[in-house]
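Peer 1: Here is my input, please return the structure:
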Amino acid sequence: EMRSITTILCTVLAPVAFGFLHVPMMPMGRTSLAFIPRDIVRCPKTTLGATEGKEGGNGVMSSNWLSHAMLRVPDVNATVDCWLNRGATLSSYRKAGQSETAFVTMGNGQEGEDAFRRCFSLEVTKLPAGEEVRPGNAISYFGISMLLEFRNNLIGAAAGAKPQKRSREESLDPNSFEIRSVASGPGDHFCRLCLRTANAENGLDVLQETEDFYTTLLGMKTFANDDDMVCIRCPQGGNYGAAITLVFVRGDDEEPLDHGNIFDHIVVSTKSVDSAAELLRGKVQESAIFMEPQDMFGTKIMGLKDPNGYSVYLAEMDSRQTANP
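Peer 2: Numbering: from 1, shown residues only. Coordinates of the predicted model:
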């Protein structure tokens, strides 16, 4: 029995020892970046490891971090319960009339009082009554650290329970989005948000345009990529380890990108929205800024469209509230 546990430890934790941080596995038949030591990986555009955006370092965007993503769902409670059953915690909940919003956070138990703010959250809000639910295909999957599953299996084994492998149906949230247990290094247990890119038009490489948008403009870093995928991350991760990785996979030309109406936007926290706006106005087309800086929700925000049409808000502070008793 002890030997079996040791084998499991070696199998699960070996990728961490080699330095694999939140890097997705490739489809069968292709080289998997997730299981190659970073010093020998070769990528077409960059190497595995941090490639810092031009606005990183000590620039305006240097302290950016990926705060949260918003989902508009028909049943807030069902979605929240799904994530709580996966190990998340409720960090905020508000209900007023027909409006209902919750924030769920994974973390990893190592956050300090300030660092906890740097853990990624899902904002789950109520879809207006009467609005037809259209999941779309923008979200490829949500990734939860395999280390969390491993820990839970050990706790279960100590109590006499056997690990249960989830079926395909059990891997879906109530909105039909897949939740995967994925290889990752120590850090936020909510380790990946994987989105697909828009389809190519006029010969543009949308995946490359997407990578450039988030790294060159928003100060993120590229940690891995190949011809059909890019993994990027804000360098700020608190004191708990690696922050969530934003993964983009190339869209299928035979299946147009459908944003649907559930995935709404992502929020990047930044130290100065006004400074960010001044920088961005000289670097993006005017149409890319759909909301000029304004005071909302107790902070200052502005809105951008990335090359895929996804809404990205820059906010000066974390607007999440403490959960109600």
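Peer 1: Buried residues, stretch 277-293. List them.
Peer 2: Under the neighbour-count criterion of 16 or more other C-beta atoms under 10 Å, stretch 277-293 has 277, 279-280, 288-289, 293 buried. Heads up, the C-betas are built off the backbone N, CA and C, glycines and all.
Peer 1: Among those residues, which are located in helices?
Peer 2: 277, 279-280 (DSSP state H).
Peer 1: From residue 308, how far off is residue 246?
Peer 2: Shown here: residue 246 relative to residue 308, a distance of 12 Å by C-beta to C-beta, to the nearest Å.
Peer 1: returning to what we had before: Throw the buried residues of stretch 277-293 into CSV and include distance to residue 182 and pLDDT, thanks.
Peer 2: Formatted as CSV, the buried residues of stretch 277-293 follow (distance: C-beta to C-beta, whole Å; pLDDT from 0 to 100):
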residue, distance to residue 182, pLDDT
277, 35, 95
279, 33, 93
280, 32, 94
288, 31, 94
289, 34, 96
293, 36, 96
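Peer 1: Output the residues you listed in CSV; the columns should cover distance to residue 120.
Peer 2: Formatted as CSV, the entries for these read as follows, by distance: C-beta to C-beta, whole Å:
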residue, distance to residue 120
277, 24
279, 24
280, 23
288, 24
289, 24
293, 24
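Peer 1: of all the residues you listed, which comes closest to residue 143?
Peer 2: For residue 143, the nearest member of the buried residues of stretch 277-293 is residue 288. The distance, counting by C-beta to C-beta, is 27.7 Å.
Peer 1: For that closest one, which non-adjacent residue is spatially closest?
Peer 2: Of all residues beyond its chain neighbours, the one nearest residue 288 is residue 305 (5.2 Å), with distances taken as C-beta to C-beta, 6 or more residues apart in numbering.
Peer 1: For the one you found, which residues are in contact?
Peer 2: The contact partners of residue 305, by C-beta atoms under 8 Å, 6 or more residues apart in numbering, come to 287-288, 290, 311-312.
Peer 1: sorry, back to before: common neighbours of residue 246 and residue 308, please.
Peer 2: Residues touching both residue 246 and residue 308 (C-beta under 8 Å, 6+ apart) are residue 195.
Peer 1: what's the most distant pair in the contacts of residue 305?
Peer 2: 287 and 312 (14.1 Å).
Peer 1: Residue 253: neighbour count?
Peer 2: 8 (other C-beta atoms under 10 Å).
Peer 1: ok, it to residue 226 distance?
Peer 2: With the distance defined as C-beta to C-beta, residue 253 ends up 18 Å from residue 226.
Peer 1: ditto for residue 68
Peer 2: 28 Å.
Peer 1: ok, now residue 295?
Peer 2: Between residue 295 and residue 226 the distance is 42 Å, computed by C-beta to C-beta.
Peer 1: For the two, indicate the residue with more neighbours.
Peer 2: Taking neighbours as other C-beta under 10 Å, residue 295 and residue 226 compare with residue 226 leading, 20 against 10.
Peer 1: And that one, how far from residue 248?
Peer 2: When distances are taken as C-beta to C-beta, residue 226 and residue 248 turn out to be 12 Å apart.
Peer 1: Just confirm residue 260 contacts residue 136, I think it does.
Peer 2: Yes. With contact defined as C-beta atoms under 8 Å, residue 260 counts as touching residue 136 (2.2 Å).
Peer 1: Below-threshold pLDDT in the stretch 101-250 of the chain: ranges please.
Peer 2: Counting by pLDDT under 70, the stretch 101-250 of the chain shows low-confidence ranges at 109-118, 150-170, 236-240.
Peer 1: at 80 instead, please
Peer 2: Applying pLDDT under 80 to the stretch 101-250 of the chain flags the ranges 108-118, 147-170, 185, 202-203, 235-241.
Peer 1: my guess is residue 81 is in a helix, correct?
Peer 2: Yes. In this structure, residue 81 lies within a helix as judged by DSSP: H, G, I helix; E, B strand; the rest coil.
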